[in-house]
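[1] Requesting a structural model of the entry that follows:
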Amino acid sequence: MTVVRILPHAALCPEGANLEVAEGTTICAALLANGIAIEHACEQSCACTTCHVIVREGFDSLEPANEKEDDLLDKAWGLEYTSRLSCQARVAGAPLTIEIPRYTINQVSESHS
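    Coordinates of the predicted model:
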């Protein structure tokens, strides 16, 4: 199990969180499984950018993004060098610190369970 630290996000995780996540799990799946309702408008199929996260620590432990993810990330709000789509980034053995950006490209937040 790998520790994934989620920085506080006013709407989704006001207190922040520390999650124990099995290696190979996507960041998006880990967030959703732990009650952090990150947007994922394309149902985790790498077709949008609503699950965009910024990896503040541990970025180099992740497998590199593929070309499709890189192309989509160019459209993400608040893109940074360590940005990833959480539906594509799989937890490895190193601890991660994740920031969920304040906004997405969606004009209206969608609710998913």
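
[2] Would you confirm that L85 contacts C46?
    Yes. The criterion here is Cβ atoms under 8 Å, and L85 meets it with C46 at 6.3 Å. Backbone N, C-alpha and C define where each C-beta goes, glycine included.

[3] Need the residues touching each of these two.
    Shared contacts of L85 and C46, defined by Cβ atoms under 8 Å, 6 or more residues apart in numbering, comprise E69, L72.

[4] Show me the beta-bridge partners of S83.
    I54 (DSSP bridges).

[5] What separation do you get for it and E20?
    According to Cβ to Cβ, to the nearest Å, S83 and E20 sit 24 Å apart.

[6] Which one of these two is surrounded by more residues?
    S83 (23 against 10; other Cβ atoms under 10 Å).

[7] what sits against that one?
    Taking Cβ under 8 Å, 6+ apart, we find S83 in contact with H52, V53, I54, V55, L73, A76.

[8] Kindly recompute the last result at 7 Å.
    By Cβ atoms under 7 Å, 6 or more residues apart in numbering, the contact set of S83 is H52, I54, L73, A76.

[9] Switch those residues over to CSV; also include distance to S61.
    Shown next, in CSV, are these (distance: Cβ to Cβ, whole Å):
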residue, distance to S61
H52, 19
I54, 15
L73, 18
A76, 21
